[in-house]
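Undergrad: Please work out how this folds:
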Amino acid sequence: MPQPLPRLRLNLDFMPSPSEDRPGLVIRDPFRYSEATLIVPPPLVAGLQFFDGEQTELDLRKYLVEVTGDLDVSELEQHLVESLSHTGFLEDENFARQPLRPLPQLQTLLPLGRLILVRSLHSAPGS
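TA: Numbering: from 1, shown residues only. Got it, this is the predicted structure:
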């Protein structure tokens, strides 16, 4: 029985490509587990729906055959899956091996929190 494709991480940023010579959908990681940015070409954008943790490689393969009109889509399928996996954009073993990093918001808030704490200690009565 075919295994389901891994899910795309739900906390990624998706936006249209700003580059006219490279149209498609830009995917990036706002939490910087991955520094990579991918541009998925327009014909493959709808194929991202198959990375939901339920649909299989067979489902993706059927879609790619319909889009390309070619029965041999194994290379294209492999490239798409590997590109998403190696960038850490899928909830798979590659992402699970990524080192934990503090959230960017916490890096921004921590110095401010220290500043507030220092000010409140110095402004306490009797200081």
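Undergrad: Show the low-confidence segments of this structure, by residue range.
TA: The chain contains residues with pLDDT under 70 at 99-127.
Undergrad: Contacts only, for the spatially most central residue of it.
TA: For the chain, the residue nearest the mean C-alpha position is Phe89 (3.3 Å; Cα atoms, centre = their mean). Neighbouring residues of Phe89 by Cβ atoms under 8 Å, 6 or more residues apart in numbering: 8-9, 12, 27, 29, 34, 36, 38, 95. Heads up, the C-betas are built off the backbone N, CA and C, glycines and all.
Undergrad: Do you have the helices of the protein handy? List them.
TA: 42-45, 57-68, 74-86, 93-96, 104-122 (DSSP state H).
Undergrad: buried residues in the first one?
TA: Spelled out, that is helix 42-45. By neighbour count, with 16 or more other Cβ atoms under 10 Å as the criterion, the buried positions of helix 42-45 are Leu44.
Undergrad: who's in contact with that helix?
TA: With Cβ under 8 Å, 6+ apart as the contact definition, helix 42-45 has outside contacts at 23-25, 67-68, 80.
Undergrad: Please determine how far Asp29 is located from Gly88.
TA: Distance, Asp29 to Gly88, using Cβ to Cβ, to the nearest Å: 7 Å.
Undergrad: hey, what's in contact with both of those two?
TA: 9, 36.
Undergrad: Grab the nearest non-local neighbour of Asp52.
TA: Nearest non-adjacent residue to Asp52, counting by Cβ to Cβ, 6 or more residues apart in numbering: Arg7, 5.8 Å away.
Undergrad: That neighbour contacts Gln55, correct?
TA: No: if you go by Cβ atoms under 8 Å, Arg7 and Gln55 don't touch, sitting 10.1 Å apart.
Undergrad: residues near Gln78, how many?
TA: Look at Gln78: counted by other Cβ atoms under 10 Å, it has 11 neighbours.
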